[in-house]
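Enquirer: Sequence first, then the predicted structure, then my questions.
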Number of protein chains: 4
Amino acid sequence: MMDRLLKRCRIKSRLLRECLAEFFGVYIVILFGCGSVAQVTTSQNTKGEYLSINLGFALGTTFGIYVAKGVSGAHLNPAVSLTLCVLGRFSWTRLPFYVCSQVFGAFLAAATVALQYYDAIMDFTGGHLTVSGATATAGIFTTYPADYLSLWGGVVDQIIGTAALLVCVLALGDPHNTPAPPGLEPVLVGAVVLVIGISMGSNSGYAINPARDFGPRLFTYISGWGDEVFRAGHGWWWIPVIVTCVGAVLGSVLYELLIGVHHSDSEPEEAESPTAVLQQTLEFDTIKENSMDKIFSITAADIS
Amino acid sequence: MMDRLLKRCRIKSRLLRECLAEFFGVYIVILFGCGSVAQVTTSQNTKGEYLSINLGFALGTTFGIYVAKGVSGAHLNPAVSLTLCVLGRFSWTRLPFYVCSQVFGAFLAAATVALQYYDAIMDFTGGHLTVSGATATAGIFTTYPADYLSLWGGVVDQIIGTAALLVCVLALGDPHNTPAPPGLEPVLVGAVVLVIGISMGSNSGYAINPARDFGPRLFTYISGWGDEVFRAGHGWWWIPVIVTCVGAVLGSVLYELLIGVHHSDSEPEEAESPTAVLQQTLEFDTIKENSMDKIFSITAADIS
Amino acid sequence: MMDRLLKRCRIKSRLLRECLAEFFGVYIVILFGCGSVAQVTTSQNTKGEYLSINLGFALGTTFGIYVAKGVSGAHLNPAVSLTLCVLGRFSWTRLPFYVCSQVFGAFLAAATVALQYYDAIMDFTGGHLTVSGATATAGIFTTYPADYLSLWGGVVDQIIGTAALLVCVLALGDPHNTPAPPGLEPVLVGAVVLVIGISMGSNSGYAINPARDFGPRLFTYISGWGDEVFRAGHGWWWIPVIVTCVGAVLGSVLYELLIGVHHSDSEPEEAESPTAVLQQTLEFDTIKENSMDKIFSITAADIS
Amino acid sequence: MMDRLLKRCRIKSRLLRECLAEFFGVYIVILFGCGSVAQVTTSQNTKGEYLSINLGFALGTTFGIYVAKGVSGAHLNPAVSLTLCVLGRFSWTRLPFYVCSQVFGAFLAAATVALQYYDAIMDFTGGHLTVSGATATAGIFTTYPADYLSLWGGVVDQIIGTAALLVCVLALGDPHNTPAPPGLEPVLVGAVVLVIGISMGSNSGYAINPARDFGPRLFTYISGWGDEVFRAGHGWWWIPVIVTCVGAVLGSVLYELLIGVHHSDSEPEEAESPTAVLQQTLEFDTIKENSMDKIFSITAADIS
């Protein structure tokens, strides 16, 4: 019965389904990610530490990808979608739909975290929602630079961080290199986010994703933290939005220039894998070609 | 000889075997989970920290699933069993048997933890078994809300937590999405429990499972902590029992509405996996259909 | 040239090769495990914490298994070897050889840790090697009970701990349940050791392995810590040696009684795995039977 | 368009492509590894702890290998390249090219970390770049011994550490033992680096890699820390460069003598794996032989 009720809600439009998946994937990332910051902040480090925040965003990313990957490819990051467009692996016409879904998912997840931690935040702040100070809570939702960080330092920080993200993600999905085992890509991309948080988190909170930062910032803006969320850090807000895109493109160009473009088509290294050998031998050529195109988890219909 | 002795104990009833597996699976979850809380509590954070408690429940879940999955599907959680009934993927007649086995497993595991940590608890408390205060030990076994948490805050907390659990578990088992690799589902479900503990643990200890909370609570009730275990937190005890079921159903409906129902049957995404391609080509159609039904690890006989 | 030199050292005796593998496997476990205790102890918690000790023994176990598994099956624990004899899965005649190799490996690894941390231990203790007190270092190598632990408490602690180990290890290797993916068993057995350390470590340091405890204890006895290592904790030393064996047998009987014996031979659950399906279809029957016997990583020759 | 631009940059020379891969792989290792030390140091342990440094180098190694493995085999360590030459599995003529690429990658990554943490280091040190003292920052980039460590203690420490690395890495890649699953070798080698950091890190910072230590030391020498970086620790700098090579060869000889050489060619243990069985049956003999040679990820062309 339930099944029949649910099946009536089936959506035919591929694009709409993909947007729902991107929305839900980013929602999961931020629900777990910002949730872990809320837990550490409001428990004043007694129920978590900086490492648990890193783990929260990493595992959030992992499960966000498991939720969305089979439908939309799980970009979950406007900078990633943009880079795929630049590389010619995603259609420009779909880009705005993906980006809006991603930002909206992050926005709604921030609202959910605020709802789940409402009592905790009220107790911790005494009701004063502030961006800085001893009981600041805006940092639960969105990133702010450390006091010492200059504007240029922030730009450099976000470029390096997002470039590192893209280099690793492209390596994990490159069929001519050592691709992640099927079904474990989400875990390994989560591990990339973990190591970026461990090694590039202290300067400005490793946004490395415009949606992750802008969606929740919008939420805090309209929900009581006020316009300080845009003014803080000498107007920090646009750096995680714009600079991450530059970093993502730079990282992908770097990977392609140093590794990707040099793979010779005639001697695919993946021949080492026994399954691949089998596949070649039985001559599933057309299928293989498709699966190649799809390995960075882009559905065939994306090449419109 | 040993082998022959053991084989005489073979049980023919499928339901009884499944109940034994659910019992033993939940037993392992709580043995490791509550054991880690006991270690952190009685060692006063010198032999562990909040993150080790999160890891204890996560890995407890992983190995509980490894113990039970091949026999019963390893629900290990009445809210999960109920949700599968609602979705039409588990028989309502089996539900009460599963739930009783799960609660009894959690009860006996709590007793085992109390036995293993008997000396430690006596030394830590001076023999006074209390629910609150500096040497409170009831929290080793079962969850209590933070002082600041309102009743509605607790309801929201448990709904969001259990919904998040179901969304991730359904995504991991969805053959049309990116399913977890065979043999690693237990690890990934453990990781879901880890991230929920990291991001949703500080409000009320992330019960997200009626058996995990109620079984051990019964044990503490009859073993010296008294009826305070039911009265504490303004009668908190029913929230992890009832509200988690609501959250589980909500989460599964959300996943189905946003992702699950929209998969078109004619173009299965799993065709991307080389093994699946092979399988299709060699036309193991009947076997394949079965394995689809079974992916969320439900045995065929469950569809009674 | 090097290759030819090495090949002259090839040993034909299967038993001797297996003993070398068990020796080397346990050596790796203790080298990393006790090494992590040495690091935390001598750095006074500045370069590690209790969780890193848990990780040290867990990953030590993982890589000890990778080193030995292909040759000897990587028991790495006399209590495991004994249990396999009792279950009829390992030959009693090989047992003493395995046990001696395991103890000797642990002994030599303790000596290596003492060598590597010689300067650190001298600096930390001022040259006084003691079993208790503020600068006690005997606990780097071998386990001692907490002050509060009674003899019976210790017996219960080691029975439960080793039983839990065997339950999980048997589940991971049970082909009728949800076995660990090929090549990842060492990681998952390491995770079992991790969760035991997290949830059962504070009472007496989770020996759960006679060789892990007795070999290093012998080393400390002859290397300057004196006979206090055998007298401490009211003569604690025999509990990790004898009681762990009782716990291991108990755990394996429990797993078999609750899960193992009930698998019906005619409907193997592993048919769900596509590879297994393929294997069945192509009728590799004899090979399959062998691989079943071998899944708990026992080489065919062991059934003598 | 982007694609066409990139394809013009394709390099034909296999050696040059391999050098680029080794360069980029080591760059990733040090970017994440030294980055995590910079984060812990400049945030004064508020945004990380010793365990996050261990995780930073471990995951750095993992993703460094994912970036380089398909092209160069991902040695990423001159001591590893040298050992493979000694074992006859890598050509001596390629050795100097690999070593230079590795050192240069580490050098440039240290520069990148210094750039990303420029503001943080300036703020933390007040502009005084020192090798020792309360605000020492040279340790972000390269290793120094603990105060208590003697020269011989340092030699023993680096020999044991690098030998342990090679033993585990050779075991993970040994097709006659229990090899790591395809596509997960980088994760498991990262785990080796993790456990070495956890158990052998406090004496001298576990260099275990000449390039990891010497490249960044050169960078600090020319960038403001001065010649103290070579004089500190009684001229410590040469130990991570020379002694690690001795340890690596020793470890590989140990593994071969105790495990590797005794595998009998006629009964390959890998027959247990269903995929391997399939492969044998379908008689892909030539391909199989090649893939054997390649398992420790050495490309065919290396046997020149």
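Expert: In hand now; what should we look at?

Enquirer: how about the top helix by length along chain A, does it reach chain D?
Expert: Across chain A, the longest stretch assigned as helix under DSSP state H is helix A:14-42. No. Among the residues of helix A:14-42, none lie within reach of chain D under C-beta under 8 Å from any C-beta of the partner chain; the closest is 11.3 Å away. Where you see a C-beta, it was placed from the backbone N, CA and C, and this is true even at glycine.

Enquirer: Beyond that helix, next helix or strand please.
Expert: helix A:50-72 (DSSP states H and E).

Enquirer: how far does that following helix sit from the chain's center?
Expert: 8 Å (C-alpha atoms, centre = their mean, to the nearest Å).

Enquirer: Please apply the same query to stretch A:211-223.
Expert: The chain centroid and the centroid of stretch A:211-223 are separated by 15 Å, computed with C-alpha atoms, centre = their mean.

Enquirer: list the buried ones in it?
Expert: A:211-221 (16 or more other C-beta atoms under 10 Å in any protein chain shown).

Enquirer: for the stretch 151-300 of chain A, which spans come out with low pLDDT?
Expert: Within the stretch 151-300 of chain A, the segments meeting pLDDT under 70 span A:265-300.

Enquirer: Apply 90 and report the result again.
Expert: A:260-300 (pLDDT under 90).

Enquirer: neighbours of the residue nearest to A:Ala68 when sequence neighbours are not counted, just the number please.
Expert: Of all residues not flanking A:Ala68 in the chain, A:Gly25 sits nearest, at 3.1 Å (C-beta to C-beta, 6 or more residues apart in numbering or on different chains). A:Gly25 has 33 neighbours, counted by other C-beta atoms under 10 Å in any protein chain shown.

Enquirer: burial of A:Ala134, as a residue count?
Expert: A:Ala134 has 6 neighbours, counted by other C-beta under 10 Å.

Enquirer: What separation do you get for it and A:His128?
Expert: Remark: distance between A:Ala134 and A:His128 (C-beta to C-beta, to the nearest Å) = 11 Å.

Enquirer: on that earlier part again, okay, the residue nearest to A:Ala68 and D:Asp174: tell me how far apart.
Expert: A:Gly25 sits 39 Å away from D:Asp174, going by C-beta to C-beta.

Enquirer: Next: A:Val40.
Expert: Between A:Val40 and D:Asp174 the computed distance is 43 Å (C-beta to C-beta).

Enquirer: Quick check: which element contains A:Pro186?
Expert: Taking DSSP H and E as the definition, A:Pro186 sits inside helix A:185-199.

Enquirer: Likewise for A:Leu218?
Expert: helix A:210-220.

Enquirer: what comes up buried for the host helix or strand of A:Ala163?
Expert: Using DSSP H and E, A:Ala163 maps to helix A:151-173. Within helix A:151-173, the residues that count as buried by 16+ other C-beta under 10 Å are A:153-173.

Enquirer: and those residues near chain D, which?
Expert: Okay, of the buried residues of helix A:151-173 touching chain D (C-beta under 8 Å from any C-beta), that's A:153, A:156-157, A:160, A:164, A:167-168, A:171-172.

Enquirer: Which one of the residues you listed is nearest to chain C?
Expert: Nearest to chain C out of those is A:Leu172 (C-beta to the nearest C-beta; 18.2 Å).

Enquirer: Would you confirm that that closest one contacts D:Ile65?
Expert: No. In this structure, A:Leu172 is not within contact of D:Ile65 by C-beta atoms under 8 Å, at 11.2 Å.

Enquirer: SS state for the residue nearest to A:His128 when sequence neighbours are not counted?
Expert: Closest residue in space to A:His128, ignoring its immediate chain neighbours: A:Thr135 at 6.9 Å, by C-beta to C-beta, 6+ apart. Under DSSP: H, G, I helix; E, B strand; the rest coil, the three-state class of A:Thr135 is coil.

Enquirer: State the pLDDT value of A:Leu6.
Expert: At A:Leu6, the model reports a pLDDT of 81.

Enquirer: same thing with A:Ile303?
Expert: Value for A:Ile303, per-residue pLDDT: 35.

Enquirer: Next: A:Phe24.
Expert: A:Phe24 is given a pLDDT of 97.

Enquirer: Repeat that for the one 3 residues further on.
Expert: Per-residue pLDDT puts A:Tyr27 at 98.

Enquirer: which ones are touching it?
Expert: Listed by C-beta atoms under 8 Å, 6 or more residues apart in numbering or on different chains, the contact set of A:Tyr27 reads A:64, A:105-106, A:108-109, A:112.

Enquirer: same deal with A:Val229?
Expert: A:131, A:138, A:142, A:217, A:220-221, A:237 are the contacts of A:Val229 under C-beta under 8 Å, 6+ apart.

Enquirer: For those, give me CSV that also has distance to chain D.
Expert: Shown next, in CSV, are the contacts of A:Val229 (distance: C-beta to the nearest C-beta, whole Å):
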residue, distance to chain D
A:Val131, 19
A:Ala138, 18
A:Thr142, 17
A:Arg217, 21
A:Thr220, 22
A:Tyr221, 26
A:Trp237, 19
